[in-house]
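A.B. asks: need coordinates for the below:
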Amino acid sequence: RYRRNKMAKVQITYFPFKGRQAAFVLLLEDQQIPYDYVPVEFANWREVKQKGLEDGTLPFGQIPQLKDGDLYLVQSSAIVRHLARKHGLYGKDSVEAAKCDMYEEGITDMRNDAMKLLFADITKAPEEIKKTVIPKHAPYFEAILKRGGTDYLVGD
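C.D. replies: I've put the predicted structure just below:
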């Protein structure tokens, strides 16, 4: 569920479904950070895209977009990293931050594999993701956790 909060500090603009904004929405929800969600209907997407390209708020003509004060960010990974740094979730030093980057890229690989299946056949994708994508990627993260001896990939 998306929070709608009159005093939200950040605003998310995306299509009316889960997708590339899911990682940073989870971060916001987990940390109880208020946000507003602005859905973009497909019928309006061309206008929104053109306006964003013209005014610089969608520099690559893509969403999701995060508005944080005067900052407009696109690219899901950049948004996740920004929010993690801003809210003290990006490691205590440059080594931990580098590990955060690495793990985020590993998750991006998993998401990309899932997206290929979704675009190939959305009706079969959920089962195919369970049978192929998760078994391919989850063991890497499980091994990292086991080697680290904690419940966290980074930090405590």
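A.B. asks: contacts only, for the spatially most central residue of the chain.
C.D. replies: Within the chain, one residue has its C-alpha closest to the average C-alpha position: by C-alpha atoms, centre = their mean, that is residue 23, at 3.2 Å. Residue 23 sits next to 76, 80, 107, 111 when contact means C-beta atoms under 8 Å, 6 or more residues apart in numbering. (C-beta placed from N, C-alpha, C; glycine too.)
A.B. asks: again, 6 Å this time
C.D. replies: Contacts of residue 23 were listed using C-beta atoms under 6 Å, 6 or more residues apart in numbering, and they are residue 80.
A.B. asks: and residue 16, by the same measure?
C.D. replies: Counting by C-beta under 6 Å, 6+ apart, the residues that residue 16 touches are residue 39.
A.B. asks: what about it, which SS state?
C.D. replies: Here residue 16 takes the coil state, with states given by DSSP: H, G, I helix; E, B strand; the rest coil.
A.B. asks: can you list the weak-confidence ranges in the protein?
C.D. replies: Within the chain, the set of residues satisfying pLDDT under 70 comprises 1-8.
A.B. asks: quick one: buried residues of the biggest helix by length in it?
C.D. replies: The helix that spans the most residues within the chain, counting by DSSP state H, is helix 94-120. If you call a residue buried by 16 or more other C-beta atoms under 10 Å, then helix 94-120 has these buried ones: 97, 99-101, 104, 110-111, 113-114, 117.
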